[in-house]
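Novice: give me the fold of what follows.
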Amino acid sequence: AKGKDGFTDATNCDVKATTQWDNQGCGIINDDAASFGEPFNDQKGGTFATIWDDTTIRMYNWAHGQEPADVKNKAIQPETWGEPYARFHFGKYCDASHFGNQRVVFDLTFCGDWAGSTFASQCSSTGASRCENYVANAANVKEAYWVVRGVDIYNAQ
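Specialist: Numbering: from 1, shown residues only. Here you go, the predicted structure:
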């Protein structure tokens, strides 16, 4: 179930929390069903923004062509964007010092912790017994690629 700030009902964001599933952490539920997958592709993609300041990390997204004017004009004014779909507050349980220099990475992880362990039960109609076997056939992943129009990174300092 979705709780405050888009979080699932996890009570501890530590991926090793003993009272939650292994690697559960604090997942996010984005109300925009077209923020990924086929609906995202059908609308010709979109724009994602992450604001990282001294108190929070906030995440936003807009459908292609629906970006705020300040984003389109590369003169960002995040205070005008409304509520983010995700907000991670720094404080007692998650100190800002846990975060350091970051890298922007585009990745297609086909058979990670989740997909690798559920493939046989959830994708039995593919005829492959393992995720690795399925993605080894290039025809099965021919529609898995990125088209990136641009990456803009701003620093407030």
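Novice: check which residues of the helix or strand bottoming out on mean pLDDT in the chain are buried.
Specialist: Scoring the helices and strands of the chain by mean pLDDT, DSSP states H and E places helix 113-122 at the bottom, with a mean of 80. Within helix 113-122, the residues that qualify as buried by neighbour count (16 or more other CB atoms under 10 Å) are Phe119. Yep, even glycine has a C-beta here, placed from its N, CA and C like the rest.
Novice: I'd like the next helix or strand past it.
Specialist: Next along the chain after helix 113-122, taking DSSP states H and E as the criterion, comes helix 131-135.
Novice: hmm, back to that, helices or strands up against the least confident helix or strand of the chain?
Specialist: Secondary structure elements in contact with helix 113-122, counted by 3 or more CB pairs under 8 Å, 6 or more residues apart in numbering; DSSP states H and E, are helix 131-135.
Novice: identify each buried residue in the helix it packs on, please.
Specialist: In helix 131-135, the ones that count as buried by 16+ other CB under 10 Å are Cys131, Tyr134, Val135.
Novice: what do you get for stretch 58-77?
Specialist: The neighbour-count check on stretch 58-77 (16+ other CB under 10 Å) flags Arg58, Met59, Tyr60, Asn61, Trp62, Ala63, Glu67, Pro68, Val71, Ile76 as buried.
Novice: out of those residues, flag the one nearest to Arg149.
Specialist: Ranking the buried residues of stretch 58-77 by separation from Arg149, with CB to CB as the measure, puts Glu67 on top at 11.1 Å.
Novice: hang on, isn't that closest one packed against Gly45?
Specialist: No - taking contact to mean CB atoms under 8 Å, the distance of 10.9 Å between Glu67 and Gly45 leaves them out of contact.
Novice: contacting residues for the nearest residue to Asn140 once chain neighbours are set aside?
Specialist: Among residues not flanking Asn140 along the chain, Tyr134 sits closest, at 5.5 Å (CB to CB, 6 or more residues apart in numbering). For Tyr134, the contact set (CB atoms under 8 Å, 6 or more residues apart in numbering) comprises Phe119, Cys123, Thr126, Ala128, Asn140.
Novice: who does the most centrally placed residue in the chain form a beta bridge with?
Specialist: The residue lying closest to the centre of the chain (CA atoms, centre = their mean) is Ile28, at 8.0 Å. On the basis of DSSP bridges, Ile28 is bridged to Phe7.
Novice: how much space between it and Ser124?
Specialist: Plainly put, Ile28 is 29 Å away from Ser124 if you go by CB to CB, to the nearest Å.
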